[in-house]
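[1] Everything below, folded, please.
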Amino acid sequence: GNNSAAQCFDLVRGNLEYLCAAQTGRPSVFMWSTAQVQPVFRSPAPESLSCLRVSPDGNYIVGGSDRGTLYVWQAANGSLLIAAKIHFKALLCCAFTDDGSMLLTGGEDAAISVLSFGRLLAGEGPRRWSAEGSRGASDNSGKHSSVRATWTQHSLPVSDLRCGIGGARARAISVSLDHTCKVWDILSGQLLLSVLFPCQLTAVNWDITEQFAAVGGADGRIFSLPLHSETSTDNRDGGEHATQGVLKGHSKSVTSLDISADGSMLLSTSGDGTARVWHIASGQTTHTFSSHKGPVTCGRFCVTTPFSSSSMASAHPQLDLNVPVRPLNKHHADVKTEVAGDSAKYGEPIVPMLLCSPMELDAFDPHGNDTQSTFGDGRGINIIHRSNGSQESNASDKEIIARLKEEVAQWKTVAGELYNVAATDVGKSGSG
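    So this is what the prediction gives:
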């Protein structure tokens, strides 16, 4: 009864033993653990979610609704931080950049919004919630202040989005029901490539080197698209589709695609109730999973190591390595009330940090309509704050810097303990 749509499933990055999924058609979010069959908890959501993603550091969970509203929760204590209207119609998919500084959202309105995640979080206090239930400033045009750009080159709903490596300077790839796959430069917003396919597109992913992309269609076919060949370059702006090969095996729409870390294997899931593992070079199916009773909406490759949190915690119970994951709140609660109840066990809410540089911010906002300044603590951490010149703001900034320094010192201690444990284990195995 807790089925999830294709875009409503993600791994908690800080702890790969946790899976987060939103239930289809119901305002519920489930947290699962790979160590047990039953969900860890079920949380009510403000409304039914059409997409869900976890930030790369595992600190935030974002979800989009059928009304185009974006919700942001803090994973450590379940606080609902943001509810912002981003799209005019349903928000169908979203993707973080690898450093978590930018969030891209795709909607049923055929638009892709590029948001500064740091600006979405920073300076937006509980008093900024509007009567419509969304928090954060908007300009006179109704666009949320964190939206740095909007891409409108698609003509039908955007069905899937992926971001490459490089933070705000990375590339992004999108597919749509308008039969096109497009590649973008996130920082400049330039459309680098547009390829036309013979069917509606429902899923996309690319390898870690961004040399080729796998594109899934509504008819069950999977297309291999080279991104650096002359053939694909000549097919910009709606040219005929140009692919190296077509993988056939699914009888219904492809719901998700994932590529292994070495780029050799492809995992696909489909509405026909099967999941397939493909050898990309030969185009052959190596494994087929057909035990599901209904559509398979999502599949992922997971890399585990001897030093994963579960193995380390079982071998050394004195180390608390698990990231706390709390049930999500349906309604916004005052930050001070939340801290008073949970600070003893879970600590204060995580301080929002801006991970992209001031130069990248200026590139998104050349007119400087939202004047802000940055400062650092000498460790390469940039924090965004309002330049109002008040003594209260300066005192708050100093408190944030002091708290960040304490956190850095704590993490250094944990890193030292982990190093000692690893060195001890290696020494024992070598002497044995």
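[2] all helices in the stretch 101-250 of the chain, in order from the N-terminus.
    Listed in chain order, the helices of the stretch 101-250 of the chain (DSSP state H, counting those that start in this stretch) span 117-121, 230-233.
[3] hey, least reliable of those by pLDDT?
    Lowest mean pLDDT within those: helix 230-233, a mean of 48.
[4] quick one: pLDDT of residue 276?
    pLDDT, residue 276: 94.
[5] Repeat that for residue 418.
    85.
[6] and if you look at the one 3 residues further on?
    Residue 421 is assigned a predicted lDDT (pLDDT) of 82.
[7] elements contacting the one helix or strand it maps to?
    Assigned by DSSP states H and E, residue 421 belongs to helix 391-431. For helix 391-431, the contact count by 3 or more C-beta pairs under 8 Å, 6 or more residues apart in numbering; DSSP states H and E identifies helix 309-315, strand 382-386 as packing neighbours. Glycine gets a C-beta too; all of them are placed from N, C-alpha and C.
[8] Out of the ones you listed, which gets the lowest mean score?
    Across the helices and strands packed on helix 391-431, the lowest-scoring stretch is strand 382-386, with a mean of 38.
[9] State the mean pLDDT of stretch 195-212.
    The average of the pLDDT scores along stretch 195-212 is 93.
[10] what's the span of it from first residue to last?
    Start-to-end span of stretch 195-212 (C-alpha to C-alpha, to the nearest Å) is 13 Å.
[11] Flag every buried residue along that stretch.
    Residues of stretch 195-212 classed as buried under the neighbour-count rule (16 or more other C-beta atoms under 10 Å) are 195, 197, 199-207, 210, 212.
[12] what do you get for stretch 213-220?
    For stretch 213-220, burial by neighbour count (16+ other C-beta under 10 Å) applies to 213-218, 220.
[13] Between the residues you listed, which sits nearest residue 39?
    residue 216 (27.9 Å; C-beta to C-beta).
[14] In contact with the closest one, which residues?
    With contacts defined as C-beta atoms under 8 Å, 6 or more residues apart in numbering, the neighbours of residue 216 are 175, 201-204, 222-223, 253-257, 268.
[15] how much space between the nearest residue to it once chain neighbours are set aside and residue 282?
    In space, and not counting its chain neighbours, residue 216 is closest to residue 254: 2.9 Å by C-beta to C-beta, 6 or more residues apart in numbering. Separation of residue 254 from residue 282 (C-beta to C-beta, to the nearest Å) stands at 19 Å.
[16] In terms of neighbours, single out the busier of those two.
    residue 254 (30 against 9; other C-beta atoms under 10 Å).
[17] pretty sure that one is touching residue 269, no?
    Yes - at 7.3 Å, residue 254 counts as touching residue 269 under the criterion of C-beta atoms under 8 Å.
[18] if we can go back for a sec, would you list the buried residues of stretch 213-220 in JSON lines and tack on distance to residue 25?
    Shown next, in JSON lines, are those (distance: C-beta to C-beta, whole Å):
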{"residue": "213", "distance to residue 25": "31"}
{"residue": "214", "distance to residue 25": "28"}
{"residue": "215", "distance to residue 25": "27"}
{"residue": "216", "distance to residue 25": "23"}
{"residue": "217", "distance to residue 25": "25"}
{"residue": "218", "distance to residue 25": "21"}
{"residue": "220", "distance to residue 25": "24"}
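[19] For stretch 182-190, list every residue counted as buried.
    182-184, 186-187.
[20] next one: stretch 271-288
    For stretch 271-288, by 16+ other C-beta under 10 Å, it's 271-278, 280, 283, 285.
[21] Give me the below-cutoff pLDDT ranges for the stretch 1-150 of the chain.
    For the stretch 1-150 of the chain, applying pLDDT under 70 flags the ranges 1-2, 13-17, 123-143.
[22] element containing residue 52?
    Judged by DSSP H and E, residue 52 forms part of strand 49-54.
[23] If the residue nearest to residue 216 is in a bridge, with which residues?
    Note on residue 254: beta-bridge partners by DSSP bridges are residue 270.
[24] got it, and residue 288?
    Beta-bridge partners of residue 288, as defined by DSSP bridges: residue 276.
[25] Let me see the confidence value for it.
    92.
[26] Which residues are in contact with it?
    Counting by C-beta under 8 Å, 6+ apart, residue 288 touches 249, 274-277.
[27] Then residue 154?
    Neighbours of residue 154 in contact, by C-beta under 8 Å, 6+ apart: 110-112, 174, 176, 178, 180, 182.
[28] now do 10 Å
    106-107, 109-112, 174-178, 180, 182, 194 (C-beta atoms under 10 Å, 6 or more residues apart in numbering).
[29] Output these as a markdown table; include the columns distance to residue 63.
    Formatted as a markdown table, the contacts of residue 154 follow (distance: C-beta to C-beta, whole Å):
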| residue | distance to residue 63 |
| --- | --- |
| 106 | 14 |
| 107 | 14 |
| 109 | 18 |
| 110 | 21 |
| 111 | 18 |
| 112 | 17 |
| 174 | 19 |
| 175 | 21 |
| 176 | 21 |
| 177 | 22 |
| 178 | 25 |
| 180 | 26 |
| 182 | 24 |
| 194 | 29 |
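[30] Take those and keep only those in strands.
    106-107, 112, 174-176, 180, 182, 194 (DSSP state E).
[31] State the pair within those residues that is farthest apart.
    107 and 194 (18.6 Å).
[32] and these two? which has more neighbours close in?
    residue 107 (24 against 18).
[33] Setting aside sequence neighbours, what's the nearest residue to the more buried one?
    residue 87 (3.5 Å).
[34] quick one: contacts for that neighbour?
    Per C-beta under 10 Å, 6+ apart, neighbours of residue 87: 64-65, 67-70, 105-113, 150, 158.
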